[in-house]
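Peer 1: Quick one: sequence plus predicted model below, questions after.
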Amino acid sequence: MKIVMTVLVAIGLISFMVQHFSVKTIGQEEEAKVLNLSVASEPVMDPAFVTDSYSMPMLKNILEGLTRPTSTGDIVPAMAESWDISEDGRTYTFYLREGIQWSNGDLVTASDFEYAWKRVLNPETIAPNASKLFVIEGAEAYFMGEGTAEDVQITVVDDATLEVTLIEPTPHFLELTARQVTLYPVHQATVEADAAWAGEADETFVSNGPFLFTEWNHSGDYRIEKNPDYWDVENVDLDEVYVRIIEDAATANMNFMSGELDFIGIPFNTIPTDAIDAYRKDDELIVTDIGATYLYKLNTTDKVLQNKNIRKALSFAIDRQKLIDNIAKGEQTPAKGAIAPTVPSFEEDRDYFEDADYETARELLAVGMEELGYDDASKIPLVIQTNANDAHMAVAQFIQNEWASELGLKPTIATVEINVHFDSMTQLNFQIGRIGPTVDYNSAFAYLEQYYTADTAGNRTGWENADFQAILDKVTTVTDPDERYELYLEAEAILMDEMPFIPIYYYTNPQVVSDHIEGLVVDGMVDVQLKEVKYKQN
């Protein structure tokens, strides 16, 4: 069973700004091609442990995998210059480029990939993203303690040749090697020499991508610079990327307006909703679709939310279009399904339920209350949890008002620090939690598989369903696209009937970029290729 957990899109920002960041002089900025960005939290520099969307953009430009995505979404050779795929579609043989180097001068070899992947799978590592590698034969058994590292079908044929055998044909495998940092190499000697190699990363961080990690002032800022030893360095235009840690969206927006930042938008700091209209009026706003959904996940192990009728009542009693028009303002699409419209064949709504269906919501609530023994909706304890951010608070307040005015409920809102928020959701220590996960590859399966079992990474609802599991098991054996599509619809219908989460809207990415920056493209999978960014000199 292929289990590839989603990766989170944390578009929210918490409510204060850390003031101590490095400041470059005007002279310095004129001397070098510097891209100025900001994110809401510090990066996680170990690819085995990255789960947040703020770390991904930097790490994916500091390290490089066997393949990489372009800004147009194509998957192209990277560390591997070519590969062969066996007739049965299960075995991939990668041929590395000649002379590719780590930033310390060591050669990048096939063994670096074998070490990195098996390190993630080692049960002692306790890597949260290990499931991304379960497509490899023997990987899941090793991670679960039911096999050995030698059983994992990753074979170093020689220094420049890596052979990988999968449990079944996996057409998106080259996209995984391109987009998933868990499948990127790490420098073995560095990892084994210092347990703090990633947490205290600076100019000693050994990397193989187009940029080098050169400075990290914790809670303040960090810098990455062009890697002179990168195999494709002649096509890297930027000299440096300077990233400030700014936890407040409004502050980041002011910095953009003053020229201190060159971009705001996912996956970096986002545009405050109250600033979107002004950028749109000035014809500066760019809006693109991304493969992610704004959700409220529901803890189905909770004494109230274990009831399906209550869960569905909450979902039906939201006017999504009104929320988009008045609160989100980013030209989003109301979400009434589990699979985003960026997936081919899923562009149109599947009509699982009607938006703002208050009448049906009240009927479902009445049934659920009777089943749970409540005779007063206002007495039902409900807490909406979100990270502390004005935009997410505005959404929560809108939904709180919907449920109060239409259902007679009295939900409260709890705001917590962003990492605490996601940790508590993972531990099912919440009732209703905001989240905006992306997926690992652009397929319907990627949106569904996180709910395969209650323990699947990224589930965060405690929900599982045997019929749903059986459909996902079957779809991995089917090659006919029409049959696969019908199976995806069956699985999605189960999710929408059970409602372990409330889909609210499909994300768009409102963004603005400085006039002197070209080629800064955030693709539908929320990846950014900084090597393609061009700096226009004045």
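Peer 2: Nice, thanks for sending it over.

Peer 1: How much space separates N227 from V521?
Peer 2: 21 Å (CB to CB, to the nearest Å). C-beta coordinates here come from the backbone N, C-alpha and C atoms, glycine included.

Peer 1: now N104
Peer 2: 31 Å.

Peer 1: What of G436?
Peer 2: Distance, G436 to V521, by CB to CB: 20 Å.

Peer 1: okay, these two: which has more neighbours?
Peer 2: Neighbour count, other CB atoms under 10 Å: between G436 and V521, G436 has more, with 22 against 18.

Peer 1: buried set for stretch 144-160?
Peer 2: Neighbour-count burial for stretch 144-160, counted by 16 or more other CB atoms under 10 Å, picks out G147, V152, Q153, I154, V156, A160.

Peer 1: oh sorry, the question was meant for stretch 102-111
Peer 2: In stretch 102-111, counting by 16+ other CB under 10 Å, buried: W102, S103, V108, T109, A110.

Peer 1: So which elements touch whichever strand or helix holds R434?
Peer 2: For R434, the host element (DSSP states H and E) is strand 432-435. The contact analysis (3 or more CB pairs under 8 Å, 6 or more residues apart in numbering; DSSP states H and E) places strand 432-435 against strand 286-298, strand 383-387, helix 390-407, helix 418-426.

Peer 1: In a markdown table: the ones you listed, plus distance to F268, mean neighbour count and mean pLDDT.
Peer 2: Putting the helices and strands packed on strand 432-435 into a markdown table (distance: least, CB to CB, whole Å; neighbours: other CB atoms under 10 Å; pLDDT from 0 to 100) gives the following:
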| stretch | distance to F268 | mean neighbour count | mean pLDDT |
| --- | --- | --- | --- |
| strand 286-298 | 13 | 22 | 94 |
| strand 383-387 | 16 | 21 | 96 |
| helix 390-407 | 15 | 19 | 96 |
| helix 418-426 | 14 | 18 | 92 |
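
Peer 1: now those in CSV, with distance to A48?
Peer 2: Below are those laid out as CSV (distance: least, CB to CB, whole Å):
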stretch, distance to A48
strand 286-298, 23
strand 383-387, 24
helix 390-407, 29
helix 418-426, 17
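
Peer 1: what's the closest of the ones you listed to A491?
Peer 2: For A491, the closest of the helices and strands packed on strand 432-435 is strand 286-298, at 15.6 Å, according to CB to CB.

Peer 1: right, and the helix or strand after the closest one?
Peer 2: In the C-terminal direction from strand 286-298 (assignment by DSSP H and E), the next one is helix 308-316.

Peer 1: List the buried residues in that next one.
Peer 2: K308, N309, I310, R311, K312, A313, L314, S315, F316.

Peer 1: returning to what we had before: so which of the helices and strands packed on strand 432-435 gets nearest N255?
Peer 2: Nearest of the helices and strands packed on strand 432-435 to N255, taken as CB to CB: helix 390-407 at 16.3 Å.

Peer 1: Just list the residues touching the most far-flung residue of the chain relative to its centre, thanks.
Peer 2: Distance from the C-alpha centroid of the chain peaks at D375, with 40.9 Å (CA atoms, centre = their mean). When contacts are counted by CB atoms under 8 Å, 6 or more residues apart in numbering, D375 is found next to M369.

Peer 1: can you check W216 too?
Peer 2: If you count contacts by CB under 8 Å, 6+ apart, W216 has them with E200, A201, D202, Y222, R223.

Peer 1: Regarding it, which helix or strand does it belong to?
Peer 2: With DSSP H and E as the test, W216 turns up in strand 211-217.

Peer 1: The residue nearest to P344 when sequence neighbours are not counted: neighbouring residues, count only.
Peer 2: The shortest distance from P344 to any non-neighbouring residue, by CB to CB, 6 or more residues apart in numbering, is to N442 (7.9 Å). Neighbour count for N442, taken as other CB under 10 Å: 19.

Peer 1: I'd assumed D527 was in contact with N442.
Peer 2: No - using CB atoms under 8 Å, N442 makes no contact with D527, being 11.2 Å away.

Peer 1: The protein - how does it break down into domains?
Peer 2: Per automatic domain parsing, the structural domains of the chain span 18-245, 288-509.

Peer 1: for the stretch 101-250 of the chain, what spans make up the strands?
Peer 2: Secondary structure of the stretch 101-250 of the chain (DSSP state E, counting those that start in this stretch): strands at 154-158, 161-165, 211-217, 221-226, 240-245.

Peer 1: Measure how the second one sits relative to strand 154-158, angle-wise.
Peer 2: Meaning strand 161-165. Orientation of strand 161-165 against strand 154-158 (axes from the mean of the first three to the mean of the last three CA atoms, to 10 degrees) gives an angle of 160 degrees.

Peer 1: was I right about R97 contacting E81?
Peer 2: Yes - using CB under 8 Å, R97 is in contact with E81, at 4.6 Å.

Peer 1: Can you tell me, leaving aside adjacent residues, what's nearest to L63?
Peer 2: Y184 (4.3 Å).

Peer 1: which ones are touching the one you found?
Peer 2: P47, L59, K60, L63, E64, G65, A116.

Peer 1: Same question for I126.
Peer 2: Not one residue lies near I126 by CB under 8 Å, 6+ apart.

Peer 1: Phi first, then psi, for it.
Peer 2: For I126, the backbone dihedrals are phi 50, psi 50 (criterion: degrees, to the nearest 10).

Peer 1: how close does it sit to Q400?
Peer 2: Distance check for I126 against Q400: by CB to CB, it reads 37 Å.

Peer 1: Just say helix, strand or coil for Q511.
Peer 2: Assigned by DSSP: H, G, I helix; E, B strand; the rest coil, the conformation of Q511 is strand.

Peer 1: who does it bridge with?
Peer 2: Legend: beta-bridge partners of Q511 under DSSP bridges are I286.
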